[in-house]
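In: My questions are about this predicted structure, shown below with the sequence.
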2 protein chains.
Amino acid sequence: MKWKKTRPRGPGRRAASGEESRRRLIAAARAEFAQQGYRGTTIRTIAERADVTAAMVHYHFGSKHGLYLAVIRDTLEPVIATLQAGVQGEAQLADVIRSYMQLLQRTPELPLLIMRDVLADDGAMRESFIRDFAANAGRQIRALLEREAASGELREDIEPRFAAVSLLGMAVFPFLARPIAERVLNIDYDNDSLAALIDHTLRLFNEGARP
Amino acid sequence: MKWKKTRPRGPGRRAASGEESRRRLIAAARAEFAQQGYRGTTIRTIAERADVTAAMVHYHFGSKHGLYLAVIRDTLEPVIATLQAGVQGEAQLADVIRSYMQLLQRTPELPLLIMRDVLADDGAMRESFIRDFAANAGRQIRALLEREAASGELREDIEPRFAAVSLLGMAVFPFLARPIAERVLNIDYDNDSLAALIDHTLRLFNEGARP
DNA sequence: TTATTAATTAATCAGATGTTTAATTCGCCT
DNA sequence: AGGCGAATTAAACATCTGATTAATTAATAA
């Protein structure tokens, strides 16, 4: 005798199309990968969070690594779009930095995801990350700085490559080190505080800290 | 029949005192943890690198986590010493940043180790890290900045907390993002280039980038 | 309606991982 | 010399992990 009514949930296709499970898996994996790292995350944890079974990971993405790639692509899209829009639209450097930092605030797992990728010297993953994203973003930032330098808005004794890395550091580090910055340096991350931090960053870059 | 001569290596105490194995395990673990992360590193890998067996990890450190704690303490000691010497010796802010960045160059795995720790939200580990190190370092930096502010060497409209996080970002980020900075921004990390980067960082902080 | 295909679960597998235990060797103290 | 304790290894254990397979259900095409 079959208990169709009382069985909590068995195998078989669900009403919602498969695209729904796919999306939920990516969202769950993004959170877990950012918090626990790739190796620290099990597909069972991800599946439970997405309310499906572990086998769905392999059905939709082929492997844990395939899911990871999907997460990276999905998460990096808006960043690339932001930077490209900045350069192509001939925006000011200040505007690009501002929208970049705001994006980081809205996507707190982004720097964690990127950093775990950058730090690991596993190889394959990092190479593709640099090719598909970092090279692009780096070029955009350098292009912006060189444009400003060419129009005489930067000091001549400042090396644009160094300026780029310093600017990136000031923009990204507060989000990377957020748990420490919050508790040790008493930095807040609400909208108002973030606006103040952005203003501070741009002012410091432009005018320095000495009176 | 026992093959005392030909048996490659069996159990039993070795000539070198146990302190030697302990040191080698810490060194091996530091490299592996920095490269592969805590979860991505197996005690068998560490043991092989240190030329002992996995059981030695538990004999000397109780557990993998205990070894991790020992690595963190061992690696962080010189950083804390550097920062404390800076404050107690009433050094200039510039000197402290300079020696801090030089320390980061000499210990490339340090920022990876710290960041992996900061990023993970496992809990226990991060709390002790903040208590034992970050709180200390953060206070030192803030103390330095507030001393400079008090003696009128900082602009009054610059918030010392923000200045601290920006300065840390400029100092640490180049080492954190080193694989990307090298390949995407063409930054070098030899002694001369690093000296130039340090000068640039301090000049940018002091005087800004606008003409 | 019926056959086919897409989506899903439960069960299972082989390999890896942190840890424990028992046995073994060496240095040192009496 | 003898014995105790420190240091070390090999082997075994239980658990966890990514992946596979077979069965099952729902949507869809014929």
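Out: Everything's here; your move.
In: Now do the same for stretch A:198-211: mean pLDDT, whole number.
Out: The average pLDDT for stretch A:198-211 rounds to 88.
In: One more: stretch A:96-108?
Out: 89.
In: burial count for the residue of chain A found nearest DNA strand D?
Out: Closest to DNA strand D within chain A is A:Gly12: 2.2 Å, counting by Cβ to the nearest atom of the strand. Heads up, the C-betas are built off the backbone N, CA and C, glycines and all. The number of residues packed near A:Gly12 is 5, by other Cβ atoms under 10 Å in any protein chain shown.
In: Then the one 10 residues further on?
Out: The burial count assigned to A:Arg22 is 18, neighbours taken as other Cβ under 10 Å.
In: quick revisit: look up phi and psi at the residue of chain A closest to DNA strand D.
Out: Main-chain torsions, A:Gly12, degrees, to the nearest 10: phi 120, psi 160.
In: so who does the nearest residue to A:Gly138 once chain neighbours are set aside touch?
Out: Leaving aside its chain neighbours, A:Gly138 sits nearest to B:Val184 (3.4 Å; criterion: Cβ to Cβ, 6 or more residues apart in numbering or on different chains). Applying Cβ atoms under 8 Å, 6 or more residues apart in numbering or on different chains, we find B:Val184 in contact with A:130, A:134-135, A:137-139.
In: again, only using 6 Å
Out: Contacts for B:Val184 were tallied using Cβ atoms under 6 Å, 6 or more residues apart in numbering or on different chains; they are A:134-135, A:138.
In: can I get these in a markdown table with pLDDT, secondary structure and neighbour count?
Out: Shown next, in a markdown table, are these (pLDDT from 0 to 100; DSSP: H, G, I helix; E, B strand; the rest coil; neighbours: other Cβ atoms under 10 Å in any protein chain shown):
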| residue | pLDDT | secondary structure | neighbour count |
| --- | --- | --- | --- |
| A:Ala134 | 76 | helix | 22 |
| A:Ala135 | 77 | helix | 15 |
| A:Gly138 | 79 | helix | 23 |
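In: Reformat these as CSV; add distance to DNA strand C.
Out: Below are those laid out as CSV (distance: Cβ to the nearest atom of the strand, whole Å):
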residue, distance to DNA strand C
A:Ala134, 28
A:Ala135, 32
A:Gly138, 34
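In: Of these, just say which sits nearest to A:Leu93.
Out: A:Gly138 (14.6 Å; Cβ to Cβ).
In: That closest one contacts B:Ile187, correct?
Out: No - between A:Gly138 and B:Ile187 there is no contact under Cβ atoms under 6 Å: 10.2 Å.
In: Please state the offset of whatever helix or strand A:Gln102 lives in from the chain centre?
Out: Under the criterion of DSSP states H and E, A:Gln102 resides in helix A:93-106. Its chain's average C-alpha position is 12 Å from that of helix A:93-106, according to Cα atoms, centre = their mean, to the nearest Å.
In: That one close to chain B?
Out: No - using Cβ under 6 Å from any Cβ of the partner chain, helix A:93-106 stays clear of chain B, with a minimum separation of 9.6 Å.
In: The helix or strand that that helix is followed by packs against which elements?
Out: Using DSSP H and E, the helix or strand that follows helix A:93-106 in sequence is helix A:109-119. On a contact count with 3 or more Cβ pairs under 6 Å, 6 or more residues apart in numbering or on different chains; DSSP states H and E, helix A:109-119 meets helix A:18-36, helix A:160-176.
In: for the first one, which positions count as buried?
Out: Counting neighbours by 16 or more other Cβ atoms under 10 Å in any protein chain shown, one finds that the buried residues in helix A:18-36 are A:21-22, A:24-26, A:28-30, A:32-34, A:36.
In: got the angle between it and helix A:109-119?
Out: 70 degrees (axes from the mean of the first three to the mean of the last three Cα atoms, to 10 degrees).
In: right, and the helix or strand after helix A:18-36?
Out: Assignment by DSSP H and E places the next element after helix A:18-36 at helix A:43-50.
In: helices and strands around that following helix, which ones?
Out: Using 3+ Cβ pairs under 6 Å, 6+ apart, helix A:43-50 sits against helix A:18-36.
In: Go through stretch A:55-62 and flag the buried ones.
Out: Going by 16+ other Cβ under 10 Å, stretch A:55-62 has these buried residues: A:56-57, A:60-61.
In: Does stretch A:14-34 reach chain B?
Out: No - using Cβ under 6 Å from any Cβ, we find that stretch A:14-34 stays clear of chain B, coming within 8.1 Å at best.
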